[in-house]
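J.: turn this into a structure:
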Amino acid sequence: MKIFVFVALFACAMAMPKRMVMPRLPASVIMKGKYQLIPDNKIVGGSVVAPNSLPFQVSLQRRSGTGSYSQSCGGSILDENVIIDAAHCVRGVDVTILRVVAGEHSLRTDSGLEQNRGVTRFVMHENYRPTTFENDISLLFLDAPLDLSVAEAKPVLLPPPTSELDPPAGLMVTVSGWGTTSSGGVISDTLRSVDVPIVSDDVCNRAYGGTTANPEVLPSMLCAGDISNGGIDSCQGDSGGPLFTGTGDSAVQHGIVSWGQGCALAGYPGVYTQVSFFLDWIATNRA
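T.: Numbers count the residues shown, from 1 in each chain. This is a model prediction of the structure:
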């Protein structure tokens, strides 16, 4: 049986100003003070996936002083040695407390299919800006290769360059993770996913204000959610996880969970790092 720390997020949520936005990290991480509270994310309105049906998804966990591990972020397998993630998931973090778990489904119950790996180092985008979440992307390097010959652990596919495909508004994509299922809720024990439509950059930018005084949605970001009704989104604990089309070992990752206003609020779609903008950066830094 696994021992995990499940942190209630209610107190943190109640303490936030209404216009405050956060990275989609658990409250236990944010409360340590290394993350600026600007415009927030989790899986809201979705459902539990079939175990190991998203073999590219990993859980990024942090070790506490007592030695137990807790869910911190999502992530995706790029190859047997490298995980693609958000920069804000690792900024200021001691690499020795990080653990990547591939083949994970239930955080509390061992299935015997999990592959636990330490992280030897990570590379954040050199122009990552924590105050705006611009260039919110990182690569994590494992202390031992993953076994990708098994069905429970497979690499995600990368999209074509933005010049060839900029996901159009209305396209249905999927986001997954172990994050909270409501803003201010608690981490989900099992991996969940929800389908969300792409929202155009212009509409998304207007929703957030698009000025230096308010969160700005940049061309290297991607938005998705139900802007009219809300109710479907990623949330705290989903940061760094994948926004994708397809499933299984044919899934293509288009976005990385980054930030948003609350979770699943009408008028405020989730904001993601657009992977197609960073293909050259990934190719240069993954070696």
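J.: from now on I want contacts and neighbour counts done on CA atoms only, so please keep to that.
T.: Will do.
J.: assumed L222 was part of a helix.
T.: No. The assignment for L222, made by DSSP: H, G, I helix; E, B strand; the rest coil, is strand rather than a helix.
J.: okay, now the unreliable bits of the stretch 51-200 of the chain?
T.: 181-185 (pLDDT under 70).
J.: on the three-state scheme, the closest residue to D79 other than its chain neighbours is what?
T.: If the residues on either side of it in the chain are set aside, D79 comes closest to P155, at 5.5 Å by C-alpha to C-alpha, 6 or more residues apart in numbering. Counting by three-state DSSP, the backbone at P155 sits in coil.
J.: please enumerate the helices of the stretch 101-250 of the chain.
T.: Here the stretch 101-250 of the chain has its helices, by DSSP state H, counting those that start in this stretch, at 201-208.
J.: run through the strands of it in chain order.
T.: Assigned by DSSP state E, counting those that start in this stretch, the strands in the stretch 101-250 of the chain fall at 115-124, 138-142, 172-177, 192-199, 221-224, 242-245.
J.: looking at those, which is closest to P161?
T.: strand 221-224 (14.0 Å; C-alpha to C-alpha).
J.: packing partners for the closest one?
T.: When contacts are defined as 3 or more C-alpha pairs under 8 Å, 6 or more residues apart in numbering; DSSP states H and E, strand 221-224 sits against strand 192-199, helix 201-208, strand 270-274.
J.: measure how the last one sits relative to helix 201-208, angle-wise.
T.: Taking axes from the mean of the first three to the mean of the last three C-alpha atoms, to 10 degrees, strand 270-274 and helix 201-208 form an angle of 140 degrees between their directions.
J.: using PDB, write out the CA atom coordinates for strand 270-274.
T.: Extracted as PDB, the C-alpha positions of strand 270-274 are listed here (Å, rounded to 0.1, in the frame of the first residue of the first chain):
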ATOM      1  CA  GLY A 270      -7.600  26.800 -19.100                       C
ATOM      2  CA  VAL A 271      -4.300  28.100 -20.500                       C
ATOM      3  CA  TYR A 272      -1.700  25.700 -21.800                       C
ATOM      4  CA  THR A 273       1.900  25.900 -23.200                       C
ATOM      5  CA  GLN A 274       1.500  25.200 -26.900                       C
END
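J.: and the next helix or strand past that strand?
T.: Elements were assigned by DSSP states H and E; along the chain past strand 270-274, the next helix or strand is helix 279-285.
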